[in-house]
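Undergrad: build the 3D model from these lines:
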Amino acid sequence: MKNLKYIYLLTVLVAFTYSCSNFEDINTNPDASTIVAPDMLATQVLKNTFTTNGSGVFEFVSGNLFNKHIAALDPSIPSSAQYYFASFGSFGDYSMLTDLKFMTQFAEGNQAEASYKGLALYLKAYYGLSATLAMGDVPYSEAGMADEGITRPIYDKQADVFVQILDDLQTAEAYFAQGYNFDGDIMYDGDAVKWQKLCNAMQLKVIQTISRQATDDQKARFAAVVSAGNLLESNDDNFKLVYTEISNANHQFYNGENLRINTAISKLTVDVLKTNKDRRLFYFAEPAQILLDAGNSASDFDAYEGALTSLDPTTLAFNKDNGDYSLLNSRYVDFMDGEPLLRFTFAEQCFIIAEAIEEGWVTGNAQEYYENGVKAMLEYYKDLPNTDGYVQGMAIDQAYIDNYFTGDAVYTTTGTKEDRLKQILTQRWLIDFFQGNGGNYPQFLRTGFPEYPLDPATSLNPDDTSVYPKRWKYPVSEQTTNPDNYQKAIDDQFDGYDGINKTPWYLQ
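TA: Below you'll find the predicted structure:
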């Protein structure tokens, strides 16, 4: 398990050594062109932003382990994230702000100049959101300004970072609203309208993420964005990275059979799906051998059992050898194009609004939004390629979707608000199954749903094994490259201690 710690550290070091030396070469080589097409930079930055680099498949696996969708069953596989080992965060994505600045400069005079400016602002907001949720106060207003002489950027207060992120998303939306499609976009194929909708939807996500601290003005802004209605409309608007059958552009788990047979679906995931008679179970996993031997059919829900992620590695390995667990579905390793990497979906937008209705931020029918979100994800799997012959005869079809809301899957109208929020947030958590982004963890910290297993006997939280870590520490390099601002940040927030159990502003 220590191996993953070193992988994390290596990832941080790689991120911080990333540079824009290619631009220096262009500017100093008299035989080279002095102009770089903005679409080339857009492609490169989007690829670097939305694909896993550095540690590759292990980085992908660790995000799923932290969110309790899967369990590692072999002690030789780095599994620290499964046991809440949180070490150092990274400002590595900020290195791409230089490329984005060049992109907007080279787009001057281009018909799609506004859209490239919108892309730059959206991605800055994306990087800032990831950084502040991971660590707390972070550089934002002065991030990416080394070329202007600011090599030691101040750490903005987390509350101020969120305000700036929301402002940048709003400005980006206005740029995309000018309607100019642009080249180099591997996510939406340059569709400015889709980017505009995404900018609006992300404002909803950002405001809801700070629900404990959101001001009345921010809640009103949330309601205004919903009322305006210029949001994602269906799965066609999902923000996703589509893998291909081209080498280095394929799904991370392709040809990873050795990892697959040592990776089980989690008990938390299985229990939720079995309770709702949700056929996504057959898309996610394969039946447990011991349950097949007991006479169950592969198409029976009772043929599936998940691994409790808080069990110690030795016990998990023993149980795996005994055939106790449902391993990941083999479709994840058999296809280069796999399934797309989802970064934001119409379904998540539905669940965000459903929660807001339950909290009284907006008016509307929470049940309708909840059901539309669930249906959208079921339709996503219904239409997913590479599933024929891999779902044990339990394919999701339209008839199944139409009759999904029975039994425990019905949105409760007799239960408490907490019961309904648990339903909404659990379905939102399922969106991220085997997506590798770790994106649901802040939502779990904010709401407590669904409840992640925690056993102090196996937790690797270095400061307190009885609690969930709430943040990552600042990169070690900050202590030497930006010491004054680093020290001020931990003094102001955490009484001088850069600890993973300290509570950042958005969770207070």
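
Undergrad: could you use CA atoms for every contact and neighbour count after this?
TA: Noted.

Undergrad: next, residue 50: phi, psi?
TA: When read as degrees, to the nearest 10, the backbone of residue 50 gives phi -110, psi 10.

Undergrad: any idea how far residue 149 is from it?
TA: Per CA to CA, to the nearest Å, residue 50 is found 29 Å from residue 149.

Undergrad: who has more neighbours out of these two?
TA: Neighbour totals were compared for residue 50 and residue 149, and residue 50 leads with 16 against 8 (other CA atoms under 10 Å).

Undergrad: please name the nearest non-neighbouring residue to that one.
TA: residue 241 (7.1 Å; CA to CA, 6 or more residues apart in numbering).

Undergrad: neighbours around that neighbour, how many?
TA: 20.

Undergrad: contacts only, for it.
TA: If you count contacts by CA atoms under 8 Å, 6 or more residues apart in numbering, residue 241 has them with 50, 51, 186, 187, 340, 341, 342, 343.

Undergrad: wasn't the last one part of a strand?
TA: Yes: per DSSP: H, G, I helix; E, B strand; the rest coil, residue 343 lies within a strand segment.

Undergrad: correct me, but it touches residue 239?
TA: Yes: using CA atoms under 8 Å, residue 343 is in contact with residue 239, at 5.5 Å.

Undergrad: between those two, which one's more packed in?
TA: Each of residue 343 and residue 239 has its neighbours counted (other CA under 10 Å); residue 239 has more, 20 against 17.

Undergrad: please name the bridge partners of the more buried one.
TA: Counting by DSSP bridges, residue 239 is bridged to residue 344.

Undergrad: and the gap between it and residue 202?
TA: 11 Å.

Undergrad: quick one, phi/psi of residue 156?
TA: phi -70, psi 150.

Undergrad: poorly predicted segments of this protein, please.
TA: 1-35, 52-56 (pLDDT under 70).

Undergrad: repeat that with 90
TA: 1-36, 51-63, 74-79, 246-249, 252, 413, 436-439 (pLDDT under 90).

Undergrad: quick check, central residue of it?
TA: Taking CA atoms, centre = their mean, the centroid of the chain lies closest to residue 439, which sits 3.0 Å from it.

Undergrad: residues in contact with that one?
TA: So residue 439 contacts 63, 432 (CA under 8 Å, 6+ apart).

Undergrad: and it, that's in a strand?
TA: No: applying three-state DSSP, one finds residue 439 to be coil, outside a strand.

Undergrad: tally of neighbours for residue 388?
TA: Residue 388 has 11 nearby residues by other CA under 10 Å.

Undergrad: strands of the stretch 151-300 of the chain, start to end?
TA: 239-241, 263-265 (DSSP state E, counting those that start in this stretch).

Undergrad: let me see the residues that make contact with stretch 124-142.
TA: Contacts of stretch 124-142 (CA under 8 Å, 6+ apart): 89-91, 93-94, 97, 150, 153-158, 161-162, 164-166, 168-169, 206, 442, 471-474, 489, 493, 504-505.

Undergrad: pretty sure residue 154 is touching residue 485, no?
TA: Yes: between residue 154 and residue 485 a contact is recorded at 5.7 Å, counting by CA under 8 Å.

Undergrad: next, give phi and psi for residue 350.
TA: Per degrees, to the nearest 10, the backbone of residue 350 is at phi -60, psi -40.

Undergrad: contacts only, for it.
TA: 369, 370, 372, 373.

Undergrad: just checking, residue 204 touches residue 351?
TA: No: if you go by CA under 8 Å, residue 204 and residue 351 don't touch, sitting 10.8 Å apart.

Undergrad: so which of those two has more stuff around it?
TA: residue 351 (27 against 24).

Undergrad: can you give the distance of the strand or helix carrying the more buried one from its chain's centre?
TA: Assigned by DSSP states H and E, residue 351 belongs to helix 346-358. On the basis of CA atoms, centre = their mean, to the nearest Å, helix 346-358 sits 17 Å off its chain's mean C-alpha point.

Undergrad: give the buried residues for the helix or strand just after it.
TA: Downstream of helix 346-358, the first helix or strand assigned by DSSP H and E is helix 366-382. Residues 366-367, 369-382 are the ones in helix 366-382 that count as buried (16 or more other CA atoms under 10 Å).

Undergrad: okay, residue 444 and residue 47: tell me how far apart.
TA: 28 Å.

Undergrad: and residue 415, by the same measure?
TA: 44 Å.

Undergrad: neighbour count: the two, which is higher?
TA: Just comparing residue 415 and residue 47: by other CA under 10 Å the higher neighbour count belongs to residue 47, 17 against 9.

Undergrad: C-alpha coordinates for stretch 310-330, PDB please?
TA: The C-alpha trace of stretch 310-330 is given here as PDB (Å, rounded to 0.1, in the frame of the first residue of the first chain):
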ATOM      1  CA  SER A 310     -13.000  -1.400   5.100                       C
ATOM      2  CA  LEU A 311     -11.900  -5.000   5.500                       C
ATOM      3  CA  ASP A 312      -8.200  -5.600   5.800                       C
ATOM      4  CA  PRO A 313      -6.300  -6.600   2.600                       C
ATOM      5  CA  THR A 314      -5.400 -10.100   3.800                       C
ATOM      6  CA  THR A 315      -9.100 -10.900   4.500                       C
ATOM      7  CA  LEU A 316     -10.100  -9.500   1.200                       C
ATOM      8  CA  ALA A 317      -7.500 -11.500  -0.600                       C
ATOM      9  CA  PHE A 318      -8.600 -14.700   1.200                       C
ATOM     10  CA  ASN A 319     -12.200 -14.100   0.400                       C
ATOM     11  CA  LYS A 320     -11.400 -13.400  -3.300                       C
ATOM     12  CA  ASP A 321      -9.600 -16.800  -3.500                       C
ATOM     13  CA  ASN A 322     -12.700 -18.400  -2.100                       C
ATOM     14  CA  GLY A 323     -14.800 -16.900  -4.800                       C
ATOM     15  CA  ASP A 324     -16.800 -14.700  -2.400                       C
ATOM     16  CA  TYR A 325     -16.900 -11.500  -4.500                       C
ATOM     17  CA  SER A 326     -18.300 -10.200  -7.700                       C
ATOM     18  CA  LEU A 327     -15.400  -9.000  -9.800                       C
ATOM     19  CA  LEU A 328     -15.500  -6.100 -12.300                       C
ATOM     20  CA  ASN A 329     -17.300  -6.800 -15.500                       C
ATOM     21  CA  SER A 330     -14.900  -8.100 -18.200                       C
END
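
Undergrad: list the contacts of residue 351.
TA: 369, 370, 373, 424, 425, 427, 428.

Undergrad: and what of residue 299?
TA: 282, 392, 393, 394.

Undergrad: show me the residues you listed that map onto strands.
TA: Using DSSP state E, no member of the contacts of residue 299 falls in strands.

Undergrad: now, the most widely separated pair of the residues you listed?
TA: Largest separation among the contacts of residue 299 by CA to CA: 282 and 393, giving 8.7 Å.

Undergrad: so for these two, which residue has more residues nearby?
TA: In this view residue 282 and residue 393 are compared by other CA under 10 Å, and residue 282 has more residues nearby, 25 against 11.

Undergrad: quick one: the closest residue in space to the more buried one that isn't next to it in sequence from residue 382, how far?
TA: Closest residue to residue 282 apart from its sequence neighbours, by CA to CA, 6+ apart: residue 391 at 4.9 Å. According to CA to CA, residue 391 stands 11 Å off from residue 382.

Undergrad: and for residue 499?
TA: 44 Å.

Undergrad: likewise residue 323?
TA: Counting by CA to CA, the gap from residue 323 to residue 382 is 29 Å.

Undergrad: do I have it right that residue 332 meets residue 254?
TA: Yes: look at residue 332 against residue 254 with CA under 8 Å: they come within range, at 6.4 Å.

Undergrad: mind listing what's buried along stretch 248-266?
TA: Here stretch 248-266 shows 250-254, 259-266 as buried, counting by 16+ other CA under 10 Å.
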